[in-house]
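In: Okay, here's the prediction I keep looking at, along with the sequence it came from:
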Number of protein chains: 2
Amino acid sequence: MGPKVKFTREQIIDTAFEIAQIEGIDSITMRKIAEKMGSSVAPIYVNFKNVDELNKALIERIISISRQLLMEENTGNPFRDMGNASLRFAIEYSVIFRDLVIKNGKYMQGYDEKMMPVLIEEMQKDPELKGFTTDELKTILLKMKIFQLGISIMAASSLLPKEYNKQDMMDILSSTADDVIMSAKLRRGLR
Amino acid sequence: MGPKVKFTREQIIDTAFEIAQIEGIDSITMRKIAEKMGSSVAPIYVNFKNVDELNKALIERIISISRQLLMEENTGNPFRDMGNASLRFAIEYSVIFRDLVIKNGKYMQGYDEKMMPVLIEEMQKDPELKGFTTDELKTILLKMKIFQLGISIMAASSLLPKEYNKQDMMDILSSTADDVIMSAKLRRGLR
DNA sequence: ATTTTAAAAAAACACATGTTATATAATATA
DNA sequence: TATATTATATAACATGTGTTTTTTTAAAAT
């Protein structure tokens, strides 16, 4: 055996995450990570074949954090929880969130397609949403996902009115959900 | 005088725009522009002090194109036109649109703050929106701007259901506008 | 026709970055 | 204790980029 391991794979990913959070994913370099850890680049190349592998691991880490936020949010109303979790992630990790949406559309797309049926199923259990067809539920969900992405990006990019705080954001998200559901109910009445 | 000018400022910006449209703004380099024009980098440095100046000029070009799209869209319903124009830009120039939102939040912020009062004023003339207070109109506008950003980014990032076409996007944008306005009217009834 | 001038090309410089090759040193094992 | 192993450090290499310097060249002025 050689000397004790001083820099682990986890530590490297953590450090990359910290840099990404402040400067953006593109600003990560091998030397920056090394400097921040107080090492040379050697430990990085022991743990990762190259920069692409490191990036892949970082993306996985980010996804896992966002998923954890979703777990924490749990009012029993799944599609509202999802919106709030996304918003929280966008606020707490704004730089990374923007990078992720921009760069990683493909990953998100796959993730989304898997979540869709699950969410529809959950929505069917929701008393507030009783009596809607699956198609109507799909439309409601899509509208809310669109709105949720919009407000998340606005929050992450400081595009909302200055005085807007987190609570205001959650309120307008919730209020728009009400709008969409209410209008769907009215339309249902016309069927 | 020296030889005839072979590479104009406009041509350089056009070429940068083409690269940005395909590979993203960050992928623009002096040498790439030169190669695409069939020149050396010299003409670029005659027309621009450095890469920052070139980027500034490119952003101006992008803004001007997006403004032109807004001019073309003109159904007389200003805040719906704005949504459609943004959506069209996002679809036609998807790579640039994403870069712009992400990178250039600050510019958009300023642009927005200037547009807000104008739009509110236009909304007050809209018969569909008669009888709302300024605050109510502001909320409606904000909700629609959020939704519009969300769908534009989804369109630009291919995050919408595969079968969704441009018309579907415009329809759901319009339908959500209806939802928001309708719900606001119901709330107004409760005042 | 010659000279001047400015546009463009070619080459060079400085620097950042990914990656690899080599050197160093700490630890387990014989 | 001596040796082998291997984590880490150091240094070097290749490449891409912005920028500057030098050279070439074509049009205009003389």
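Out: Noted; the coordinates are in hand.
In: what's the lowest-mean-pLDDT helix or strand in chain A in contact with?
Out: Using mean pLDDT, DSSP states H and E, the weakest-scoring helix or strand in chain A turns out to be helix A:105-125, at a mean of 79. Residues outside helix A:105-125 that contact it (Cβ atoms under 8 Å, 6 or more residues apart in numbering or on different chains): A:59, A:63, A:78-79, A:82, A:100-101, A:129, A:134, A:137-138, A:140-141, A:145, B:157-159. C-beta: built from backbone N, CA, C; applies to glycine.
In: please redo it, this time with the cut-off set to 7 Å
Out: Contact partners of helix A:105-125, identified using Cβ atoms under 7 Å, 6 or more residues apart in numbering or on different chains, comprise A:Ile59, A:Pro78, A:Phe79, A:Leu129, A:Thr134, A:Leu137, A:Lys138, A:Leu141, B:Ser157, B:Ser158, B:Leu159.
In: hmm, which two among the residues you listed are most spread apart?
Out: The largest separation in the contacts of helix A:105-125, counting by Cβ to Cβ, is between A:Ile59 and A:Leu129 at 33.3 Å.
In: correct me, but A:Ile13 touches A:Leu58?
Out: Yes - using Cβ atoms under 7 Å, A:Ile13 is in contact with A:Leu58, at 6.0 Å.
In: Alpha carbons only: can I get the next helix-or-strand element following the least confident helix or strand of chain A in CSV?
Out: Counting by DSSP states H and E, the next helix or strand C-terminal to helix A:105-125 is helix A:134-156. Coordinates of each C-alpha in helix A:134-156 appear next as CSV, following Å, rounded to 0.1, in the frame of the first residue of the first chain:
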residue,chain,number,x,y,z
THR,A,134,-56.9,12.1,-17.6
ASP,A,135,-56.4,14.5,-20.5
GLU,A,136,-57.7,17.4,-18.4
LEU,A,137,-55.3,16.4,-15.6
LYS,A,138,-52.5,16.3,-18.1
THR,A,139,-53.2,19.8,-19.2
ILE,A,140,-53.4,21.1,-15.7
LEU,A,141,-50.1,19.4,-14.9
LEU,A,142,-48.4,20.7,-18.0
LYS,A,143,-49.5,24.3,-17.3
MET,A,144,-48.2,24.1,-13.8
LYS,A,145,-44.9,22.7,-14.9
ILE,A,146,-44.5,25.5,-17.4
PHE,A,147,-45.3,28.1,-14.7
GLN,A,148,-43.1,26.5,-12.2
LEU,A,149,-40.2,26.5,-14.6
GLY,A,150,-40.8,30.1,-15.5
ILE,A,151,-40.9,31.3,-11.9
SER,A,152,-37.9,29.2,-11.0
ILE,A,153,-35.8,30.7,-13.7
MET,A,154,-37.0,34.2,-12.8
ALA,A,155,-36.1,33.6,-9.2
ALA,A,156,-32.7,32.2,-10.2
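In: The residue of chain A found nearest DNA strand D: what secondary structure?
Out: For chain A, the residue closest to DNA strand D is A:Gly2, as judged by Cβ to the nearest atom of the strand, at 2.4 Å. Under DSSP: H, G, I helix; E, B strand; the rest coil, A:Gly2 falls in the coil class.
In: cool, A:Asp171 as well?
Out: Under three-state DSSP, A:Asp171 falls in the helix class.
In: Distance check, it against A:Ala42.
Out: 51 Å (Cβ to Cβ, to the nearest Å).
In: do A:Arg31 as well
Out: Distance of A:Arg31 to A:Ala42, given as Cβ to Cβ: 12 Å.
In: And for A:Lys36?
Out: As for A:Lys36, its distance to A:Ala42 is 15 Å (criterion: Cβ to Cβ).
In: now swap in A:Lys143 and tell me
Out: 51 Å.
In: out of the two, which sits in the busier spot?
Out: Set A:Lys143 next to A:Ala42 and count neighbours by other Cβ atoms under 10 Å in any protein chain shown: A:Lys143 wins out with 25 against 11.
In: nearest spatial neighbour of that one, skipping sequence neighbours?
Out: A:Val180 (5.0 Å; Cβ to Cβ, 6 or more residues apart in numbering or on different chains).
In: in the one helix or strand that neighbour maps to, what counts as buried?
Out: In the assignment (DSSP H and E), A:Val180 maps to helix A:166-189. Within helix A:166-189, the residues that count as buried by 16 or more other Cβ atoms under 10 Å in any protein chain shown are A:169-170, A:172-173, A:175-177, A:179-181, A:183-184, A:187.
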